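A.B. asks: this one's structure only:
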């Protein structure tokens, strides 16, 4: 018997939740075949097994949390489990797909693994590919075991869950709710637990202060429209323009691109720009590394790519760490301002509210303009209001006169 333990998933992670098993007891597995999908505090990860043979024991069910180093799966290794003519592939030595393994090698391993015969599973486990589908079902109170999957091979898809939600909504609501009905209890773990821990630490350790200013974004919107007028040119997002302004501001006020280590303020040479992205798993902060080396077009492409990966649940742990400053566009939620919490161990976060029509005085006349609010929360241990105010005023000037300032960036 060969016992495979939950491997070190990197980035200081100590545990993972089992999302779905891809094998059952009695199934035959090949070397490097993906056997389980787990969810850490940072990402969903497919875990392959380094042994070939027959599955003897699964050490945990979907929804259980295992510590790194705990038994994950036991495989009974035996030569007679390999069908005649089937060559057992050699292991690469890499345990996790996506952690230091080139994509081409991963594809070759998966292709070889599919050659191994797999005994039909007699398990009644739910076949779901995406952890986002499970998340949707949990949030909506849908029991996946009651659904018949319409996807390939009977896999339960997002559409299956959404139809179940719609059917439940059509049922008449009960007129009376019994007082004895139990409250719903949701375990605080995974991404939500990591976010909670970081925000709690930030509030506990950082004496933050906040400055804000209303700015006229009319010219910024005109500039973006002009940049995107060419249908053949890459599209530039407003977030990319704001990110470029933030990078320029951090180069002028490096105190805000730093971290505290003991009695020292460490000024970061690189600007690794984090940005808040809302997903089905919750709020995540992907990081554009070396943002100071990117053009506006490159920033726009990087932001779009990371946002797509975040919403699809495809971000690697490395994509969510190492930020030195965070940009938060809470205007997408239809709000004007926010007293944001700094993303520890960073020392500042810039927030941007919604852009709306408001009366504004231009050349002595009241006229309708596109107005937004910029908010900067900063660690008062690192700098005083002069630095924070100077940075925010610089960003405001960029928003109000973007063309003139872009020439100098």
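C.D. replies: Looks like it came in fine. Remember, predicted model here, so these are calculated numbers, not experimental data.
A.B. asks: from here on, contacts and neighbour counts on C-alpha atoms
C.D. replies: Noted.
A.B. asks: residue ranges for the strands of the stretch 1-150 of the chain, please.
C.D. replies: Assigned strands in the stretch 1-150 of the chain, in chain order: 2-5, 15-21, 28-29, 33-39, 44-49, 53-58, 65-67, 71-76 (criterion: DSSP state E, counting those that start in this stretch).
A.B. asks: and the shortest one, what's its mean pLDDT?
C.D. replies: For strand 28-29, mean pLDDT rounds to 91.
A.B. asks: and that strand, what does it pack onto?
C.D. replies: Using 3 or more Cα pairs under 8 Å, 6 or more residues apart in numbering; DSSP states H and E, the elements in contact with strand 28-29 are strand 53-58.
A.B. asks: Relative to the whole chain's centre, how far out is the strand it packs on?
C.D. replies: 33 Å (Cα atoms, centre = their mean, to the nearest Å).
A.B. asks: could you give the angle of it to strand 33-39?
C.D. replies: Inter-element angle recorded for strand 53-58 and strand 33-39: 30 degrees (by axes from the mean of the first three to the mean of the last three Cα atoms, to 10 degrees).
A.B. asks: Packing partners of strand 53-58?
C.D. replies: Looks like strand 53-58 contacts strand 28-29, strand 71-76 (3+ Cα pairs under 8 Å, 6+ apart).
A.B. asks: Buried deepest among those, which one?
C.D. replies: A comparison of these by mean neighbour count, using mean count of other Cα atoms under 10 Å, puts strand 28-29 on top with a mean of 27.
A.B. asks: and that one, which strands flank it?
C.D. replies: Using DSSP bridges, the strands paired with strand 28-29 are strand 53-58 (antiparallel).
A.B. asks: Nearest to residue 351 among the strands of the stretch 1-150 of the chain would be which one?
C.D. replies: strand 44-49 (28.3 Å; Cα to Cα).
A.B. asks: what about that closest one, average pLDDT?
C.D. replies: Strand 44-49 carries an average pLDDT of 84.
A.B. asks: How about stretch 302-313?
C.D. replies: The pLDDT scores in stretch 302-313 average 94.
A.B. asks: Need the contact partners of it.
C.D. replies: Outside stretch 302-313, the residues that touch it by Cα atoms under 8 Å, 6 or more residues apart in numbering are 43-44, 131-132, 240, 277-281, 284, 286, 288, 315.
A.B. asks: Distance to residue 295 and neighbour count added to those, as JSON lines?
C.D. replies: Shown next, in JSON lines, are the contacts of stretch 302-313 (distance: Cα to Cα, whole Å; neighbours: other Cα atoms under 10 Å):
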{"residue": "43", "distance to residue 295": "28", "neighbour count": "20"}
{"residue": "44", "distance to residue 295": "31", "neighbour count": "22"}
{"residue": "131", "distance to residue 295": "35", "neighbour count": "19"}
{"residue": "132", "distance to residue 295": "33", "neighbour count": "19"}
{"residue": "240", "distance to residue 295": "9", "neighbour count": "20"}
{"residue": "277", "distance to residue 295": "21", "neighbour count": "19"}
{"residue": "278", "distance to residue 295": "25", "neighbour count": "15"}
{"residue": "279", "distance to residue 295": "26", "neighbour count": "16"}
{"residue": "280", "distance to residue 295": "30", "neighbour count": "16"}
{"residue": "281", "distance to residue 295": "30", "neighbour count": "18"}
{"residue": "284", "distance to residue 295": "24", "neighbour count": "22"}
{"residue": "286", "distance to residue 295": "18", "neighbour count": "27"}
{"residue": "288", "distance to residue 295": "12", "neighbour count": "23"}
{"residue": "315", "distance to residue 295": "23", "neighbour count": "20"}
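A.B. asks: Now for those residues: which two are most distant?
C.D. replies: 131 and 240 (29.4 Å).
A.B. asks: Now do the same contact list for residue 330.
C.D. replies: 336-338, 351-354.
A.B. asks: Select from those residues every entry located in strands.
C.D. replies: Per DSSP state E, strands hold the following members of the contacts of residue 330: 351-352.
A.B. asks: residues near the nearest residue to residue 208 once chain neighbours are set aside, how many?
C.D. replies: Of all residues not flanking residue 208 in the chain, residue 379 sits nearest, at 4.6 Å (Cα to Cα, 6 or more residues apart in numbering). Residue 379 has 24 neighbours, counted by other Cα atoms under 10 Å.
A.B. asks: what separates residue 379 from residue 186, distance-wise?
C.D. replies: 33 Å (Cα to Cα, to the nearest Å).
A.B. asks: Point out where the stretch 301-409 of the chain drops to low pLDDT.
C.D. replies: For the stretch 301-409 of the chain, the stretches with pLDDT under 70 are 406-409.
A.B. asks: Domain-wise, how is the chain divided?
C.D. replies: Domain assignment of the chain by automatic domain parsing yields the ranges 2-121, 126-166, 190-406.
A.B. asks: Relative to residue 182, which of these is closest?
C.D. replies: So among the domains of the chain, domain 126-166 is nearest, using Cα to Cα, at 14.1 Å.
A.B. asks: Would you mind checking the average pLDDT for the closest one?
C.D. replies: Averaging pLDDT along domain 126-166 yields 75.
A.B. asks: Please consider this matter closed, and thank you.
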